[in-house]
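J.: Sequence isn't available, so here's the structure alone:
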């Protein structure tokens, strides 16, 4: 009996109804996608990175001496650094890559069939030598490692067709490109050249997640030794030796060559934490915005309900005089708010879908049924809680109010 009267009332005050429903819709759409972003950030943080990252030191050496413009000098210093790093007591292995895992490094399209975008994806691309996978602590699950004779010196990314055109990819990239078929022996199109896959490594989360799936990566043999190129080293130590070795390594590298700065030397875990920090920060900001929207919506619902109570004092008093109980009055206002909030939730779900499609394409999180359900329940509860005080005040209106307003 009450719902038809409520619908007539909402239609009569359609401007307020529409504005409040839109406010609820925007709040829900932003809140659901904020929750999806936070959930995805936590998943990325909790994902195994496949590396022995707790025992790896990341080093970035930036040259300023003009001699580093000569490639032969650059290559000699690279060999000298690696030889020193690999012979430090307590060091398991050392390698050089074009970028530190987790940083914004090289990112390229990898295609299974020419340049057909339907057969490929974007992936992080890393230089590597025969020491790289042992240094990282990642396992080759299919095929083989690079051989010493396959490692070359080149600017990055390598574009010389005469160099060995081979690569090692992660298992997730292999599955994306070839499904359940073996990847070793197959060819891919990467950085402008056709390359043969010689190996597949297990889990490796080296690509910055802001660029896409962090486990989509490919390794090419070679050293980044272009003119005045920065050098990135990874040093894997025995457990517990990362912090004690950092100061020693920095001092020794500077002593080996004073024509460069050690711009960065820290545990690899710092880089990996920073890689997920932007997403986590973005999720926090979006949650704060959602919180402000929720508060604004709650105040809007409270204000509208309070106004409705004040405006309908005579009507409420008449209903009380005709036998309506306090519970019936409270129920009326709750049902009215439920219809308004429900309409907003339906619109909010419709608005949240295209917004989440964009976020999903950017790898920022997918709003699954659980996330959406929590958002709907939360907004619904906030809406009902906001009308509680006005509804209670309405129930206190006495039948005598009907005559006082005459």
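T.: Yep, that arrived. Keep in mind that this is a model prediction, so the values were computed, not measured.
J.: longest helix of the protein?
T.: When the chain is parsed with DSSP state H, its longest helix is helix 268-311.
J.: what pLDDT, on average, does the helix or strand that contains residue 76 get?
T.: Take DSSP states H and E as the rule and residue 76 turns out to sit in helix 71-86. In this model, helix 71-86 has a mean pLDDT of 89.
J.: now for it, which elements pack on it?
T.: strand 56-63, strand 91-97, strand 153-154, strand 231-237, helix 242-256 (3 or more C-beta pairs under 8 Å, 6 or more residues apart in numbering; DSSP states H and E). For glycine as for every other residue, the C-beta is placed from the backbone atoms N, C-alpha and C.
J.: Of these, flag the one that's most buried.
T.: Per residue and on average, the most neighbours among the helices and strands packed on helix 71-86 fall to strand 231-237, with a mean of 24 (mean count of other C-beta atoms under 10 Å).
J.: Against which helices or strands is it packed?
T.: Against strand 231-237 (3+ C-beta pairs under 8 Å, 6+ apart) you get strand 56-63, helix 71-86, strand 91-97, helix 132-136, helix 242-256.
J.: Quickly run through the sheet partners of that strand, with directions.
T.: strand 56-63 (antiparallel), strand 91-97 (antiparallel) (DSSP bridges).
J.: Report the mean per-residue pLDDT for it.
T.: Mean predicted lDDT for strand 231-237 stands at 93.
J.: ok, residues contacting stretch 97-108?
T.: 49, 51, 58, 60, 122-128, 132, 136, 156-157, 190-191, 204-208, 210-212, 218, 224, 232, 234, 264, 268, 271-272, 274-275 (C-beta atoms under 8 Å, 6 or more residues apart in numbering).
J.: Of these, just the buried ones, ChimeraX syntax please.
T.: Buried residues among these (16 or more other C-beta atoms under 10 Å), as a ChimeraX selection:
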select :49,51,58,60,123,124,125,126,127,128,132,136,156,157,190,191,204,205,206,207,208,211,212,218,224,232,234,264,268,271,272,275
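J.: residue ranges of the helices in the chain, please?
T.: 2-12, 14-46, 71-86, 132-136, 171-178, 242-256, 268-311, 313-321, 326-361, 369-386, 388-395, 401-404.
J.: Distance to residue 106 for the ones you listed - can I get that in TSV?
T.: Shown next, in TSV, are the helices of the chain (distance: least, C-beta to C-beta, whole Å):
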stretch	distance to residue 106
helix 2-12	57
helix 14-46	20
helix 71-86	18
helix 132-136	15
helix 171-178	14
helix 242-256	24
helix 268-311	15
helix 313-321	69
helix 326-361	21
helix 369-386	33
helix 388-395	57
helix 401-404	75
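J.: Of all the ones you listed, which one comes closest to residue 200?
T.: Proximity to residue 200 (C-beta to C-beta) singles out helix 171-178 among the helices of the chain, at 5.0 Å.
J.: what stretches of this protein score poorly on pLDDT?
T.: 1-3, 5-13, 113-119, 156-159, 226-228, 277-280, 361-365, 400-406 (pLDDT under 70).
J.: the domain parsing of it - what is it?
T.: For the chain, the structural domains run 2-46+276-404, 65-258, going by automatic domain parsing.
J.: ok so, going back, now render the helices and strands packed on helix 71-86 as JSON lines, adding distance to residue 111.
T.: JSON lines is the format used below for the helices and strands packed on helix 71-86 (distance: least, C-beta to C-beta, whole Å):
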{"stretch": "strand 56-63", "distance to residue 111": "30"}
{"stretch": "strand 91-97", "distance to residue 111": "23"}
{"stretch": "strand 153-154", "distance to residue 111": "22"}
{"stretch": "strand 231-237", "distance to residue 111": "27"}
{"stretch": "helix 242-256", "distance to residue 111": "38"}
